[in-house]
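Participant: would you be able to build a 3D model of this:
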Amino acid sequence: MDINEVTDELYGLEPADFVEIRTARAKEARSDGDRALANKIAALRRPTTVAWMVNILARERAEDVTNLLELGEAMRDAQRHLAGDDLRTLTTQRQHVVRAMAKQAGALAADHGYQASETALREVGQSLHAALADPEIGELVRAGRLLSAVSYSGMGPAGLTLVGGSEQKRARSRATREEVSEEALNEARSQLVDAEEAQREAESTARTAQDDADRAASTLSDAAARVDDLREQLTQAEQELQFARRAEQAATGQVATSDRELEHVRARVQKIRTRLETLAAD
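Facilitator: Numbers count the residues shown, from 1 in each chain. From the prediction side, this is the model:
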């Protein structure tokens, strides 16, 4: 057992299991008489949830992470050569890839029983953007041993640590002022492309939403007109029903009157017949 083996094991665990296993491995090292290894293991820090999500993405989707880092190299080459068209194309591709991989990280976290928040997914995406922008950060992501999320502003890595080995290190030498200035300019160009793409997407979303709203308003207007028409028909039908009831009542009364008149006439006819029969007999 060495520190790299233990580190690989610990940073592949879910954060909730980290402390328990770390304590167990440090105890094993002490039992083997390797106090130095035990101290190194005990010093390993538990990753944040976001870092853990990036770690499992790097471990379980290693090929996708490799492809992502290759895209980052292509973008840096386009920046160095000021290839504007290539940079815009690659930036659009980067946005799609990073969003897709952040969703992958969320799905992997769900497989492990953790439901990632929108904030966590956004920080995963920021860490992947940082890996694309800086090769040393990219190697940290590839290692799958992150302690916390990282963001990139064009001025070097921040908040990301590689663990394991004899000590924890931050990897990036200080650039000259001229190099930093050129790097910041290239990053600003890249950010402008990002912003323009985001604007186009937002405008498209807004147009779609307006179209949906217009269709909904039209449907509502048609439904309201139909309801008004049905109400008018209902009012007319109720009036016709009342008229029919009154007509039925009048007809029923007339039938009763006619029946009485018929009985009266029949009785009179019978009376006359009887009288005629009597006269004929005489």
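
Participant: look up how far residue 2 lies from residue 8.
Facilitator: For residue 8, the distance to residue 2 (C-beta to C-beta, to the nearest Å) stands at 10 Å. C-betas here are computed from N, CA, C, even on glycine.

Participant: same deal with residue 41?
Facilitator: Between residue 41 and residue 2 the computed distance is 10 Å (C-beta to C-beta).

Participant: go on, residue 265?
Facilitator: Per C-beta to C-beta, residue 265 is found 127 Å from residue 2.

Participant: same check, this time on residue 273
Facilitator: 136 Å.

Participant: what do you get for residue 246?
Facilitator: Distance of residue 246 to residue 2, computed by C-beta to C-beta: 104 Å.

Participant: all strands of this protein, in order?
Facilitator: Counting by DSSP state E, one finds no strands in the chain.

Participant: for it, just list every one of the helices.
Facilitator: Ranges of helices in the chain, per DSSP state H, are 3-10, 15-31, 35-43, 49-60, 62-80, 84-111, 118-133, 135-143, 177-281.

Participant: adding mean neighbour count, write these out as CSV.
Facilitator: CSV is the format used below for the helices of the chain (neighbours: other C-beta atoms under 10 Å):
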stretch, mean neighbour count
helix 3-10, 17
helix 15-31, 15
helix 35-43, 16
helix 49-60, 23
helix 62-80, 17
helix 84-111, 17
helix 118-133, 21
helix 135-143, 20
helix 177-281, 11
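
Participant: now tabulate the ones you listed in a markdown table and tack on mean pLDDT and distance to residue 149.
Facilitator: Output for those, formatted as a markdown table (pLDDT from 0 to 100; distance: least, C-beta to C-beta, whole Å):
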| stretch | mean pLDDT | distance to residue 149 |
| --- | --- | --- |
| helix 3-10 | 88 | 18 |
| helix 15-31 | 90 | 13 |
| helix 35-43 | 90 | 21 |
| helix 49-60 | 89 | 4 |
| helix 62-80 | 74 | 16 |
| helix 84-111 | 79 | 11 |
| helix 118-133 | 86 | 4 |
| helix 135-143 | 80 | 11 |
| helix 177-281 | 74 | 19 |
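
Participant: can the ones you listed go into a markdown table with extra columns for distance to residue 151?
Facilitator: Listed next are these as a markdown table, based on distance: least, C-beta to C-beta, whole Å:
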| stretch | distance to residue 151 |
| --- | --- |
| helix 3-10 | 24 |
| helix 15-31 | 20 |
| helix 35-43 | 26 |
| helix 49-60 | 11 |
| helix 62-80 | 15 |
| helix 84-111 | 13 |
| helix 118-133 | 5 |
| helix 135-143 | 10 |
| helix 177-281 | 12 |
